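Undergrad: okay, structure incoming, though there's no sequence with it:
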């Protein structure tokens, strides 16, 4: 039984993926662009619903946002894990770095700026375009 425990410990993988997003292919420019596009689409979809009171009362607005998030995940989720929210990645990454988890691996701080900066830029672009168009 001691051999099984030793073998299991050797095969343990880092736990960062439980806490935060990570790229499938590490290419900072493409990863940043993916986060910007995903966040832009989500924020613009939410902003365009703001003027329609009927969507809010019927609950259809919630369904539209949910389907938008699912669509972003299906189309852009592979390259970066689609944080589309700076807090979605940064908060759990900080917690991962602070918790004393055995064999947890590193917190990958060299990549951490992408899921924070990308959604901020995407949200700003969506808000700017909404103000110009509407």
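TA: Looks like it arrived, so ask away. These figures come from a predicted structure and were not determined experimentally. Numbers count the residues shown, from 1 in each chain.

Undergrad: run the chain-centre distance for stretch 109-116.
TA: Mean-position distance between stretch 109-116 and its chain equals 11 Å (CA atoms, centre = their mean, to the nearest Å).

Undergrad: so for it, what gets flagged as buried?
TA: Across stretch 109-116, burial judged by 16 or more other CB atoms under 10 Å covers 111, 112, 114, 115, 116. Glycine gets a C-beta too; all of them are placed from N, C-alpha and C.

Undergrad: quote the end-to-end distance of that stretch.
TA: 11 Å (CA to CA, to the nearest Å).

Undergrad: now do stretch 23-34
TA: Distance between the boundary residues of stretch 23-34 (CA to CA) amounts to 10 Å.

Undergrad: check contacts around the residue nearest to residue 71 when sequence neighbours are not counted.
TA: Nearest non-adjacent residue to residue 71, counting by CB to CB, 6 or more residues apart in numbering: residue 41, 8.0 Å away. Counting by CB atoms under 8 Å, 6 or more residues apart in numbering, residue 41 touches 68, 71, 72, 126.

Undergrad: which of the residues you listed are buried, as a ChimeraX select command?
TA: Remark: buried members of those, expressed as a ChimeraX selection using 16+ other CB under 10 Å:
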select :68,72,126
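
Undergrad: of the contacts of residue 41, which pair is most distant in space?
TA: Greatest spatial distance in the contacts of residue 41: 71 and 126, 15.5 Å, computed using CB to CB.

Undergrad: returning to what we had before: could you dump the contacts of residue 41 to TSV with pLDDT and distance to residue 14?
TA: Output for the contacts of residue 41, formatted as TSV (pLDDT from 0 to 100; distance: CB to CB, whole Å):
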residue	pLDDT	distance to residue 14
68	95	31
71	95	30
72	94	26
126	98	33
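
Undergrad: got a list of what the residue nearest the centre of the chain touches?
TA: By CA atoms, centre = their mean, the chain has its centre lying nearest to residue 83, at 0.6 Å. The contact partners of residue 83, taken as CB under 8 Å, 6+ apart, are 20, 21, 35, 89, 115, 116, 118, 119.

Undergrad: tell me how far it lies from residue 59.
TA: To residue 59, residue 83 is 26 Å away according to CB to CB, to the nearest Å.
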